[in-house]
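Visitor: The sequence and its predicted three-dimensional model are supplied below.
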Amino acid sequence: MPQHSKQEQEPATEEVTEVGPGVVRFQLPIQMPGLGHVNTYALLDERGAAIVDPGMPGPLTWRTLGRRLRQLGVPMRHVHTVIVTHSHPDHFGSAGRLAREAGAELVTQSAFRTFRPGRDGPDQRDAGAGPVGNPFATVPWGGRPPRPPRSRMMMFRVLRLAGQFVVPQPTTRLDDGDTIKLAGREWTALHTPGHTLDHLCLHDPEEGLLLSGDHVLPTITPHIAGMGAGPDPLSSYLSSLRRVERLENVQRVLPAHGHPFDDLAGRVKAIERHHAERLEQLRSVSGALGAATVEAYSRELFRPARWGPMAESETYAHLEHLRLAGEAERHEQGGRFVYLVAPGAGAGPAT
Ligand SMILES: [Zn+2]
Ligand SMILES: [Zn+2]
């Protein structure tokens with residue numbers, strides 16, 4: 001088996017493993033940059049199972065999901081609840097179809113949304129007030145939008161026509177602090193925006209489990225959405241991180257990619273350190289760059305293989321964070337934002 005430097009890149013295994021009382025983890029294959037599988041969790045009770053994040057749409061996931069449920073001894077019709085942690089296709093892709101075929105409830109965070117009516121593409125409504133008029137044609141900083149590639153949009157369209165993709169329609173939207181009964185006990189819903197605006201974590205205070213979705217991952221730093229996640233998504237993300245760190249009784253974190261882990265505080269510290277370093281890098285390169293575009297900054301932060309709309313989106317989140325903290329100035333130049341970061345203007349760690 002090839003060695004993968006990051007757990008999240010490992011291909012899906014055939015295993016079905018108990019990771020807590022009444023909680024089972026299995027993996028579904030996905031092919032996305034940096035990701036080889038998604039962890040799907042089954043929360044078992046006397047009525048059957050609740051399924052968390054049933055993977056991408058399409059026949060491969062569907063066949064694998066069916067096989068895993070058979071391994072578990074849970075007929076699909078006994079899936080009474082489908083839970084989606086957030087609006088990324090590796091999490092919601094098969095949720096709508098599973099909910100429909102099983103006659104199950106579909107549970108998300110309150111802000112969850114995927115598709116604009118009549119469109120097959122992910123919703124970009126909150127693109128923000130950018131220098132260029134139409135938020136769908138561009139992004140706030142005037143670069144290319146971090147949209148799914150055309151090939152993936154085509155795939156959704158084809159799968160939808162073939163009945164293999166069903167747009168997820170939540171029947172229950174959880175607010176922060178709401179509780180939901182899973183695996184025979186109460187779990188608390190936590191709204192954890194930053195990776196996406198609609199990210200949901202579920203905490204089981206009784207057994208000390210945390211379903212962390214993509215909010216806290218074991219060996220990669222979750223992407224921070226630059227658009228669609230409010231004015232300062234990095235601040236939202238960092239406060240969501242501290243929020244889960246402060247929870248009482250988290251013995252084990254169950255992430256959507258990679259292996260379950262115990263040291264939540266250590267992982268939170270490492271992710272915070274990563275973002276502090278990114279901000280420090282922006283302060284130090286700004287002198288040499290002068291007033292520069294988001295794209296130019298992103299090329300300083302990311303290696304060439306990762307250049308593109310995703311890197312720009314995350315760089316934008318960091319630059320806006322500095323601007324809102326009074327550490328950077330933003331101007332418009334030829335339809336694009338340019339930023340000048342004042343080195344040393346900020347004191348102490350970013351909040
Ligand atoms: Zn995600
Ligand atoms: Zn994911």
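Guide: Everything's here; your move. In this text the structure is predicted, and so the values were computed from the model without any measurement. Numbering: from 1, shown residues only. Ligands and ions are numbered 1, 2, ... in the order given.
Visitor: Roughly how far does the residue nearest to Arg299 when sequence neighbours are not counted sit from ligand 2?
Guide: Leaving out its chain neighbours, the residue that sits closest to Arg299 by Cβ to Cβ, 6 or more residues apart in numbering is Trp307, at 5.9 Å. (Glycine included, C-beta is placed from N, CA and C.) Using Cβ to the ion, to the nearest Å, we find Trp307 at a distance of 21 Å from ligand 2.
Visitor: just Leu60 next, same as before
Guide: Separation of Leu60 from ligand 2 (Cβ to the ion): 17 Å.
Visitor: try Leu340
Guide: According to Cβ to the ion, Leu340 stands 34 Å off from ligand 2.
Visitor: Then Arg157?
Guide: Separation of Arg157 from ligand 2 (Cβ to the ion) stands at 22 Å.
Visitor: just to confirm, which helix or strand has that residue in it?
Guide: helix 150-161 (DSSP states H and E).
Visitor: helix or strand right after that helix?
Guide: Next along the chain from helix 150-161, counting by DSSP H and E, comes strand 172-174.
Visitor: pLDDT on that following strand, on average?
Guide: Strand 172-174 shows a mean pLDDT of 98.
Visitor: Now for the residue lying closest to Leu65 once chain neighbours are set aside: which residues touch it?
Guide: Counting by Cβ to Cβ, 6+ apart, Leu65 lies nearest to Pro54, which is 5.8 Å off, once chain neighbours are set aside. Pro54 sits next to 28, 40, 61, 65, 82, 93-95, 98 when contact means Cβ atoms under 8 Å, 6 or more residues apart in numbering.
Visitor: and Pro54, that one's in a strand?
Guide: No. Secondary structure assignment (DSSP: H, G, I helix; E, B strand; the rest coil) places Pro54 in coil, not in a strand.
Visitor: For ligand 1, see how far away it is.
Guide: Counting by Cβ to the ion, the gap from Pro54 to ligand 1 is 14 Å.
Visitor: Equivalent analysis for Ile83, please.
Guide: Distance, Ile83 to ligand 1, using Cβ to the ion: 14 Å.
Visitor: Then Gly335?
Guide: Taking Cβ to the ion as the measure, Gly335 falls 30 Å from ligand 1.
Visitor: Would you check that that residue makes contact with Gly142?
Guide: Yes. With contacts counted by Cβ atoms under 8 Å, Gly335 reaches Gly142, the gap being 5.1 Å.
Visitor: neighbour count winner among these two?
Guide: Neighbours per residue (other Cβ atoms under 10 Å) separate Gly335 from Gly142, with Gly142 holding more: 19 against 11.
Visitor: and the stretch 51-200 of the chain, which residues reach ligand 1?
Guide: Within the stretch 51-200 of the chain, the residues that sit near ligand 1 (Cβ under 5 Å from the ion) are His88.
Visitor: where does this structure dip in pLDDT?
Guide: 1-3, 115-138, 143-149, 343-351 (pLDDT under 70).
Visitor: Done for today, thanks.
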